[in-house]
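>>> this one's structure only:
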């Protein structure tokens, strides 16, 4: 019905209802219908939740938003806040979790780099830059 209402100027209502396979009487009764108080309240809560969410740079979850709303005097439940956030796909952005840096004992199983001094020799290679290498594959891989 929203589509029919937004295109009333372009095409006649009877034609749109025929093409979309909806009844004209249903459209006109929907058009005259009053917005329910629950829908108005949820729209109001959505706007409030979104403003608090953006104020906290998209990092606030439902508990923090609920705390802020009740602190501002808005009477709303925690689950209602969560449901409205879920319906409108409002999800907080979380940072990566803290990872402890590796300790020295974690590095004990790492094999030492045997190529540290040998790479310079291989590069020099007697003045030939593109010449054959002095190392075999088994020496490099072991």
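Right, received. Where do you want to start? Since this is a predicted model, take the numbers as computed values, not measurements.

>>> which residues in the chain form helices?
Along the chain, the segments classed as helices by DSSP state H run 2-6, 13-20, 24-32, 37-55, 62-71, 78-87, 118-124, 137-141.

>>> where does pLDDT dip in this structure?
Low-confidence segments of the chain (pLDDT under 70): 101-110, 115-142.

>>> please repeat the previous calculation with a cut-off of 50.
Residues of the chain meeting the criterion pLDDT under 50: 121-123, 142.

>>> on that earlier part again, how about the helices of the chain, which one is nearest residue 98?
helix 62-71 (19.7 Å; Cβ to Cβ). Where you see a C-beta, it was placed from the backbone N, CA and C, and this is true even at glycine.

>>> elements contacting that closest one?
helix 37-55, helix 78-87 (3 or more Cβ pairs under 8 Å, 6 or more residues apart in numbering; DSSP states H and E).

>>> so which of the helices of the chain is nearest residue 111?
helix 137-141 (10.5 Å).

>>> before we move on, back to that, distance to residue 98 and mean neighbour count added to the helices of the chain, as TSV?
What follows is those, written out as TSV (distance: least, Cβ to Cβ, whole Å; neighbours: other Cβ atoms under 10 Å):
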stretch	distance to residue 98	mean neighbour count
helix 2-6	46	11
helix 13-20	54	13
helix 24-32	53	12
helix 37-55	24	14
helix 62-71	20	17
helix 78-87	25	16
helix 118-124	36	12
helix 137-141	36	9
